[in-house]
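> here is a sequence together with a model predicted from it:
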Amino acid sequence: MKFQLQHTDPKTNARAGLITTDHGEVETPVFMPVGTVGSVKAVHISELKDDIGAQIILGNTYHLYLRPGLEILQQAGGLHHFNSWNKPMLTDSGGFQVFSLNDSRKLSEEGAEFRSHLDGSRHFFTPEKVIDIQRIIGADIMMAFDECTPGDADYAYAKKSLDLTERWLDRCLTRFDETACPYGHSQALFPIVQGCVYPDLRRRAAENVASKDADGNAIGGLAVGEPTEKMYEMVELVNEILPQDKPRYLMGVGKPENLLEAIARGVDMFDCIMPTRNGRNGQIFTRQGVMNMRNEKWKDDFSPIEEDGPSFVDTLYSKAYLRHLIHVNEILGLQIASIHNLAFYVWLVEEARRRIIAGDFSTWMPEMIENVTRRL
């Protein structure tokens, strides 16, 4: 994997770059739709490529390990062949999912023991096993195994957790160097910066990660319960340390305004389930603001979902029709909402890139944040 830094904004730390993988190029900043179990919910691959304009998608190691399982993925030739996505792909490490199974998991020096949320069966993830799983999935970009520390963790717990994550990182890197992708294409491994909301821990973690000289680096353990301003503070601190010539990936973030604030602080890559999950619940993100399509006010509004919106569905369907579909729990409504929201997120970061290149990102961003946070 290669990364080329192409432009920087003169008044912020916003950047425009180019990631090159064996499955194609990715222009940054970039938003990655989340395909948890090998599919972005309610969205066809052709819609992801042609209508939404996704450059790269994310798969989830924990969920893919459970279903369809490694044997099926290996027989298929990896996830690219299994789901017919021939562009770049990233997999997370499963660390966040193990974190979310707090009541049924046990951490040790060796790894994480947990019970499947499907049938209660016991499983054990070690750093080495997580690398092996991601090799079999075949993603272009892999994540190191970490513990995702809760946003409200006390200092002692956050330090102990970071100590473990750093030891696991060394084991991940060793296993990565010992193995290769079974399908012949190259794979990159990103370490993850943890440290909760404590500046000295985040600084230490970022310095350790930077010293590994990986192809790129991730920032984890944010948007997990801490105040938003703390998240921005930690991103800013970490990005002052992470190398300029490597892509920076802020994991699991977030709302449209969070993306813009993080881009201004030097983040290049994002993923989040919010556009699809919230869309399935009737929330629509637009350049004018946020709409709750379950509200009565849209019942007889026959104007387009969004005038000149980023997706083909925006002018094809009216607000009234989308509201009707969601109100009666029609599957098409979930599909339309998901396509629109993903297209909006992809458009938003692409527009940020255009503004960075044009040199007016710093004046455009505040106006856009004001718009996207408005309730319609």
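Received, thanks.

> which stretches in the stretch 101-250 of the chain count as strands?
In the stretch 101-250 of the chain, the strands defined using DSSP state E, counting those that start in this stretch lie at 105-107, 112-115, 122-125, 141-143, 188-190, 192-193, 217-219, 248-250.

> run me through the strand neighbours of the shortest one, direction for each.
In other words, strand 192-193. According to DSSP bridges, strand 192-193 has the following sheet partners: strand 217-219 (parallel).

> and if you look at the fifth one?
Listed by DSSP bridges, the sheet partners of strand 188-190 and their directions read strand 141-143 (parallel).

> do the same with the second one
When sheet partners are counted by DSSP bridges, strand 112-115 sits next to strand 105-107 (antiparallel), strand 122-125 (antiparallel).

> what's the longest one in contact with?
Looking back up the chat, that one is strand 122-125. Y65, L66, G94, V98, E110, G111, A112, E113, F114, R115, S116, F145 (C-beta atoms under 8 Å, 6 or more residues apart in numbering). Glycine gets a C-beta too; all of them are placed from N, C-alpha and C.

> for it, list every residue counted as buried.
By 16 or more other C-beta atoms under 10 Å, the buried positions in strand 122-125 come out as H123, F125.

> again with stretch 304-316
In stretch 304-316, counting by 16+ other C-beta under 10 Å, buried: P304, I305, E306, G309, P310, S311, V313, D314.

> run the chain-centre distance for that stretch.
Distance, stretch centre to chain centre, for stretch 304-316: 25 Å (C-alpha atoms, centre = their mean, to the nearest Å).

> which residues touch it?
Against stretch 304-316 from outside (C-beta under 8 Å, 6+ apart): 51-53, 284, 286-288, 317-319, 322, 336, 339-340, 343-344, 346-347.

> quick check, L376 in contact with F285.
No. The pair L376 / F285 is not scored as a contact, 10.4 Å apart, by C-beta atoms under 8 Å.

> looking at the two now, which is surrounded by more residues?
Counting neighbours by other C-beta atoms under 10 Å for L376 and for F285 shows that F285 has the greater number, 24 against 13.

> can you tell me the closest non-neighbouring residue to that one?
Nearest-residue entry for F285: F344, 4.9 Å, with adjacent residues in sequence omitted and distances by C-beta to C-beta, 6 or more residues apart in numbering.

> where does the one you found sit: helix, strand or coil?
When classified by DSSP: H, G, I helix; E, B strand; the rest coil, F344 comes out as helix.

> distance of it relative to E367?
The gap separating F344 from E367 is 16 Å, by C-beta to C-beta, to the nearest Å.

> ok, R135 - contacts?
Residues in contact with R135 (C-beta under 8 Å, 6+ apart) are M142, T179, A180, C181, P182, Q187.

> quick check: phi and psi at the fifth one.
Comment: the main-chain dihedrals of P182 come out as phi -70, psi -10, following degrees, to the nearest 10.

> hang on, isn't it packed against I133?
No. Assessed by C-beta under 8 Å, P182 is found out of contact with I133, at 11.9 Å.

> got the contact list for the residue nearest to F285?
P256, P275, F285, T286, R287, E306, G309, P310, S311.

> cool, and L162?
L162 touches T149, Q194, G195, C196, L201, R204, A205, counting by C-beta under 8 Å, 6+ apart.

> find the nearest non-adjacent residue to the fourth one, please.
Excluding its sequence neighbours, the residue lying closest to C196 (C-beta to C-beta, 6+ apart) is A158, at 3.8 Å.

> how near is the one you found to E240?
Using C-beta to C-beta, A158 is found at 20 Å from E240.

> next: D215.
For D215, the distance to E240 equals 20 Å [C-beta to C-beta].
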